[in-house]
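S.K.: attaching a predicted model along with its sequence, questions to come.
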Amino acid sequence: MEVKTSLLDNMIGVGDMVLLEPLSEETFIDNLQKRFSHNEIYTYIGSVVISMNPYRSLPIYTADKVEEYRNRNFYELSPHIYALSDEAYRSLRDQDKDQCILITGESGAGKTEASKLVMSYVAAVCGKGHEVNKVKEQLLQSNPVLEAFGNAKTVRNDNSSRFGKYMDIEFDFKGDPLGGVISNYLLEKSRVVKQPRGERNFHIFYQLLSGASEDMLKKLKLGRDFSKYNYLSLDSATVNGLDDAANFRTVRNAMQIVGFLEDEVQSVLELVAAVLKLGNIEFKPESRANGFDESRVKDKNDLKEMCELLGIEQLVLERAFSFRTVEAKMEKVSTTLNVAQAYYARDALAKNLYSRMFSWLVNRINESIKAKTKARKKVMGVLDIYGFEIFEDNSFEQFIINYCNEKLQQIFIELTLREEQEEYVREGIEWTNIEYFNNAIICELIENNQNGILAMLDEECLRPGTVTDETFLDKLNTVCAEHQHFESRLSKNSKFLTDHSLPHNCFRIQHYAGKVLYQVEGFVDKNNDLLYRDLSQAMYKANHSLMKLLFPEGNPAKVNLKRPPTAGFQFKASVGTLMRNLQTKNPNYIRCIKPNDKKAAQVFSESLVSHQVRYLGLMENVRVRRAGYAFRQAYEPCLERYKMLCKQTWPHWKDLARKGVEVLLKDLKVPEEEFSYGRSKIFIRNPRTLFFLEERRRQCLEDLATLIQKIYRGWKRRTHFLLLKKSQVVVAAWYRRYAQQQKYQKIKSSTIVVQSFIRGWKMQKYFFDLKNTMPSMSPIDKSWPARPFLFLEGTHQQLRSIFHLWRCKQYRDQFTEEKKAIYEEKLEASKLFKDKKALYPSSVGQPFKGDYLDINKNPKYQKLNIVMDEKLLLADVINKVNRANGKGASRIFLLTKKNFVLADQKTGQVKASIPLPDLSSVSVSSHNDGFFGTASAAKGDFLLSSDRLIEIITKLHRTGAASSDREPLSVDISDEFLVQFKQDKVCVKFVQGGPKNGNSVTCKRKNNRLLEVSVPPP
């Protein structure tokens, strides 16, 4: 089961002022201070959120915090602006109730930041998708644009909103944003021409001069030096923590995201530059013939540059600053303007130009962010408007601001009481009337159509004749003198005649938040808000793209002689529209409080906070909420929170939650007059009862914690014991294994020692036996003693191989070089003829002697010695076969390293001498015969026969192979080969003879082309 944190858990002070006990202004302030010192800046009054400005960043607005408060009950977690935002959004999405969030408080209390947090939270929790994200981004990016043009640095706030803003965010049936509509109220346009000491003009002027590129400033005919412009105060031109250049880039980017075209952005900046230029225009008096002074422009350079920016003829605007045309029916009267009137006209034009541009900006933003579909929409309104203002000098602006706050307080009380009454009826609780201060009498004093202050101000402005602020005050003293909330030194009420705190040119109204002294000076002019028609027409003639939209009354074709509505009338109508709009929506309240005037973190001024608590009517809010039942909660969470206080409901209650709560309260013996049962909620009248339940719950939780701790410790010790036991078993198993391994290693090492001694004895015996049974030294003797022991198999074979190799070496060492050469020739013969020539086996046992004729010793062959100039390799008698009859003739065959020679056996005469390089091949048969044919291209072929054929051909082959300058002699073994005799080729064919031939080899001529050699059968 999910563990939930209640508003009542881990409280610092009291999270909901409704539960504050005892309730007084002192305990109220102390509770706020205690929570503020622990960075708990949010506190509830029922469903109202009190927000203290911390003047520093706190880590309570992260994405994790958004997820923490998402889809959670309002009182489920500690107080937070996200809880109110989530409650409003879920009511809109799930219950189809239009919502409004009213954010009030004085300048610097954090209203603008609160509205941003509400919008950012709603943007984070609603749907996703390309179009939805685009709408969300446009809604969020509208804030930087409006702040740049509508906010300014004041003594109380570095980013003070100088206009009231109400935004309706429109959603579809799924809760995804479709668009929005922004309404603005009462821009403080007087700030354009004059700022109090320590304050600045609107941000956009400083941002433009600091952040624009040199090229842009050149196009706008501006410079970066603030001191060059009369409308910009210099004592607070730069503000710590504000980067005007970076903010200008942010504004440009935001305007692009919202949907402003580049030409539109340029046009707006041109108007801003024109206002700065307008402030630099100065006038001088010039006497006329009639004795009156006429104003003239001193230095026309700024006028010229302004006219170039707006596309106005310089003479037209210059004339408008010197003359004023008054139309009455069909008559026109032109009067001159003195210097004071010219300055008034200049400032009036600057204020109207800027305020109308601001209204155009709001309308342009609305065009971009408005919903593109006409389907039915759900609406969440966010109101960020001035709080109640009590300054040292209070004028017309403070009067209408406080009037607006009176109306908001009135609707707050009405809607709060209505919400309370509706909940009582819905839950079946008896409703009792609640006594409270109804400020309708103050609203009536201000807005009554017959004798209200605004109506009398309008009447005075429209009255012919001399109209001044003093005549207006006289009228008030006459009409409102008997009103209990109106005070004036000059009224007929004698009790104020000696009140020296009330000056003669002032009046005082006792608002719901306290008494406010208003200086009557400027009321008439500010309410009139006149702009001379000549200036309107001059602006309309401008070629600038926005001027005709901003000054439609300047159109000569549509001259309207009717006096324009006054500022008070317009504001009253706007407030009326706003109140009717709010009446149709479910309200949610955020009351912002400024903890100190120094804009410092962790500083809490009791007097300042107490003043704001009074004029915000927070104590009244608490009393209204506590007049019936101070606390109410649904049965399920109530039973879930307190069920451990009763044995019958703990740990599981299986019946209805209401019955469980009834059993619980009966068991705790809570007096019946302290609570009531609604249809879905339990209502608790006194906070003491709730704190009694909380104290009992705290004690019970401590007991439960002790029980859980005891069970946990027992479980932890048993788990530790089982782990030790398991570890002991594992350690013992490993130890036994180790001990057995050690024992085995000892047995194994002992066995190896014994085994080595036995094997050593067997090896010794083996070598002694082998010594006595060694085989002969003949290399061809394959005998070897048998292996006596199996483990000596490898040694036995290795010794046999070593002995054989040694024996062969001993045998080879006995050879002389001559004998070695003979064996090499035998080996060569084996390679050439083994298994190829039947005669070969019989030659193996015959040594190759070489010189069989003893040429060097026999005097018979003395002639041949002379011929032979090299070492003789072979000398023997062979038969040369005659092709004519196949008969053989004896010849001496001599072989040297370069030649072989055929000589007559009898005479020793050389018959043929063949160089070995000319000898290409030798052909023999595979039979047991001595015939072989030599092939020589130079001397022709010979067919020879010899019993020592194997030796002769082997020596011929070896002699050719030993020479590196010729190819080895080719030996062809075939039973049929060709022999070239002079010009004829004769085929020599070997056939197997019959029995009648015996074992002799015969050669017969069959024809001219064939010699047949008959060989005996094998």
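M.R.: Nice, I can see it. Numbering: from 1, shown residues only.

S.K.: SS state for residue 703?
M.R.: Under DSSP: H, G, I helix; E, B strand; the rest coil, residue 703 falls in the helix class.

S.K.: now the strands for the stretch 51-200 of the chain?
M.R.: Using DSSP state E, counting those that start in this stretch, the strands of the stretch 51-200 of the chain run over residues 99-104, 151-152, 160-161, 164-171, 177-185.

S.K.: dump the one helix or strand residue 307 maps to to CSV, keeping only the CA atoms.
M.R.: Using DSSP states H and E, residue 307 falls within helix 300-310. What follows is helix 300-310, C-alpha atoms only, in CSV (Å, rounded to 0.1, in the frame of the first residue of the first chain):
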residue,chain,number,x,y,z
LYS,A,300,14.3,70.3,-34.0
ASN,A,301,16.8,67.5,-34.4
ASP,A,302,15.0,65.0,-32.1
LEU,A,303,11.6,66.1,-33.6
LYS,A,304,13.0,65.4,-37.0
GLU,A,305,14.3,62.0,-36.1
MET,A,306,11.0,61.0,-34.4
CYS,A,307,9.1,62.1,-37.5
GLU,A,308,11.4,60.0,-39.7
LEU,A,309,10.8,57.0,-37.5
LEU,A,310,7.0,57.3,-37.6
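
S.K.: now render the strands of the stretch 51-200 of the chain as JSON lines, adding mean pLDDT and distance to residue 949.
M.R.: Every C-beta, even on glycine, is put in place using the N, C-alpha and C of the backbone. Compiled in JSON lines, these are given as follows (pLDDT from 0 to 100; distance: least, C-beta to C-beta, whole Å):
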{"stretch": "strand 99-104", "mean pLDDT": "88", "distance to residue 949": "128"}
{"stretch": "strand 151-152", "mean pLDDT": "89", "distance to residue 949": "129"}
{"stretch": "strand 160-161", "mean pLDDT": "82", "distance to residue 949": "131"}
{"stretch": "strand 164-171", "mean pLDDT": "86", "distance to residue 949": "121"}
{"stretch": "strand 177-185", "mean pLDDT": "85", "distance to residue 949": "117"}
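
S.K.: now for those strands, which one comes closest to residue 644?
M.R.: Of all the strands of the stretch 51-200 of the chain, it is strand 99-104 that lies closest to residue 644, at 36.8 Å by C-beta to C-beta.

S.K.: give me the buried stretch members for stretch 696-713, please.
M.R.: Across stretch 696-713, burial judged by 16 or more other C-beta atoms under 10 Å covers 697, 700.

S.K.: and the gap between residue 653 and residue 262?
M.R.: 67 Å (C-beta to C-beta, to the nearest Å).

S.K.: neighbour count for these two, which is higher?
M.R.: residue 653 (18 against 10; other C-beta atoms under 10 Å).

S.K.: residues touching the residue lying closest to that one once chain neighbours are set aside, list them.
M.R.: Residue nearest to residue 653 in three dimensions, not counting chain neighbours: residue 660, with 4.2 Å by C-beta to C-beta, 6 or more residues apart in numbering. Applying C-beta atoms under 8 Å, 6 or more residues apart in numbering, we find residue 660 in contact with 635, 639, 643, 649, 653.

S.K.: for residue 660, give me the pLDDT.
M.R.: With respect to pLDDT, residue 660 has a value of 84.

S.K.: I'd guess it is in a strand, am I close?
M.R.: No: counting by three-state DSSP, one finds residue 660 to be helix, located in no strand.

S.K.: okay, now the unreliable bits of the stretch 501-650 of the chain?
M.R.: 559-563, 627-628, 630 (pLDDT under 70).

S.K.: could you pull out the strands for it?
M.R.: Assigned by DSSP E, counting those that start in this stretch, the stretch 501-650 of the chain shows strands spanning 506-511, 514-519, 586-593, 631-634.
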